[in-house]
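**Q** Turn this into a model:
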Amino acid sequence: MRYFLLSVSLGSLGFLVGCASDANAPGIGSIEQAGVSLNGVSLNGVSLNGVSLNGVSLNGVSLNGVSLNGVSLNGTVLAGVTAGGQTVSGTDLVGSQWVGQLSDGSTITLRIDGVTAGSGANADVLSYDVAYQTSAGWSALCGGNAAIPVSGLFDYRSGVPGGGGFTASSASFTFGCRGAAIAKCVELGYKPWLTIAGVGLGNHMVACTRLLRADFCGDGATYTVDGTEVDLYDGLGVQSDTQSWNAEAEWTQDGARCVAPGTPSRVQQKVHRVPPCFAHDIDHRCAAPPAFATGTLLASETARP
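**A** Here you go, the predicted structure:
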């Protein structure tokens, strides 16, 4: 399976889209268990008939055949202005079409088919049902799941410098398909548009994607298997330590800051794939307790064997 990237330019605003199929994705406002998440290997990928989407022009956004201007993203709310000066957002955008730029230079048409509001702790999160046009009709972009827009761009490469990284941008955003790491981290409370105790959550959101994917070396390579439980928590109170499990690692937006002694159980499930950075990252003081005051953003624990 090849994964795709989709970036968008909305006048001066753009977005990146990549999705992962998960028919059993939890509803917005819920997580598997407080502080515990089922991690997986996908950052934000889905197969689109083997073709990569590199960009989408939001200059070509239309609603009912009429172009939209001044498209913006505020939190997860996409909005635009009609030629008559009316602001449209939320469910007003159902039926709107967007132009996607493919890796071979051609384009593809995307369409928003639905907008759903979250609930509870995620009442401020909107998700969008997005489809792409094919010769046979319209197909779900996220394999049947909705997507959550997140400001900025991710690097979906694996095992290379910069892989799994994030570039903040006021002119671009990512559609994170639910069931994959980006959307999961938003639903876990790491919403990059929020600030807690004077600390913006953007880096926490990126650190969360590294943690869920066991991207220890910060190069996009994952060392876990889908469905493995991991306990994650932070120093801001977004997620708390709810388990007495084995300390695994401390995390920043660049990967694992340190790794606890012994081979973490998530790595044990990847035969013959010990992260190369373990040679210098293992520290008996790691996550005991986590050094949140000196740069650690998140800590992880894995279930006892």
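**Q** what secondary structure does residue 280 sit in?
**A** helix (DSSP: H, G, I helix; E, B strand; the rest coil).
**Q** neighbours around it, how many?
**A** For residue 280, the tally of surrounding residues (other C-beta atoms under 10 Å) stands at 9. Yep, even glycine has a C-beta here, placed from its N, CA and C like the rest.
**Q** With residue 195 instead?
**A** Residue 195: 12 neighbours (other C-beta under 10 Å).
**Q** Tell me which residues touch it, please.
**A** Contacts for residue 195 (C-beta atoms under 8 Å, 6 or more residues apart in numbering) come out as residue 201.
**Q** What's opposite it in the beta bridge?
**A** Beta-bridge partners for residue 195, by DSSP bridges, are residue 200.
**Q** if I look at it, how far off is residue 110?
**A** From residue 195 across to residue 110, the span is 31 Å (C-beta to C-beta, to the nearest Å).
**Q** ok, now residue 233?
**A** When residue 233 is compared with residue 110 (using C-beta to C-beta), they lie 37 Å apart.
**Q** next one: residue 295
**A** 39 Å.
**Q** Of these two, which one has the most company?
**A** Between residue 295 and residue 110, residue 110 has the larger neighbour count (other C-beta under 10 Å), namely 24 against 9.
**Q** now for the longest helix along the chain, which elements pack on it?
**A** With DSSP state H setting the assignment, residue counts place helix 202-212 as the longest helix in the chain. Counting contacts by 3 or more C-beta pairs under 8 Å, 6 or more residues apart in numbering; DSSP states H and E, helix 202-212 packs against strand 36-39, strand 166-167, helix 181-187, strand 228-234, strand 246-252, strand 298-302.
**Q** so can I have CSV of these showing distance to residue 221 and mean neighbour count?
**A** Shown next, in CSV, are these (distance: least, C-beta to C-beta, whole Å; neighbours: other C-beta atoms under 10 Å):
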stretch, distance to residue 221, mean neighbour count
strand 36-39, 14, 22
strand 166-167, 16, 17
helix 181-187, 14, 28
strand 228-234, 16, 23
strand 246-252, 15, 25
strand 298-302, 17, 27
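**Q** Out of those, flag the one nearest residue 210.
**A** strand 246-252 (5.8 Å; C-beta to C-beta).
**Q** okay, that closest one in PDB with CA atoms only?
**A** Provided in PDB are the C-alpha atoms of strand 246-252 (Å, rounded to 0.1, in the frame of the first residue of the first chain):
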ATOM      1  CA  ASN A 246       6.600  -0.500  32.700                       C
ATOM      2  CA  ALA A 247       8.200   2.900  32.000                       C
ATOM      3  CA  GLU A 248       9.000   3.100  28.300                       C
ATOM      4  CA  ALA A 249      10.300   6.500  27.200                       C
ATOM      5  CA  GLU A 250      10.100  10.300  27.400                       C
ATOM      6  CA  TRP A 251       9.000  12.100  24.300                       C
ATOM      7  CA  THR A 252       9.400  15.500  22.500                       C
END
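**Q** How about residues contacting the next helix or strand after that strand?
**A** Going down the chain from strand 246-252, the next helix or strand is strand 255-259, by DSSP states H and E. Contacts to strand 255-259, defined as C-beta under 8 Å, 6+ apart, come from residues 164, 210, 215-219, 248-251, 277-278, 281-283, 285-287, 291, 295-296.
**Q** Make a markdown table out of the helices and strands packed on helix 202-212 and add mean pLDDT.
**A** Listed next are the helices and strands packed on helix 202-212 as a markdown table, based on pLDDT from 0 to 100:
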| stretch | mean pLDDT |
| --- | --- |
| strand 36-39 | 47 |
| strand 166-167 | 88 |
| helix 181-187 | 93 |
| strand 228-234 | 92 |
| strand 246-252 | 95 |
| strand 298-302 | 95 |
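**Q** Which residue is the nearest non-sequential neighbour of residue 164?
**A** residue 220 (3.5 Å; C-beta to C-beta, 6 or more residues apart in numbering).
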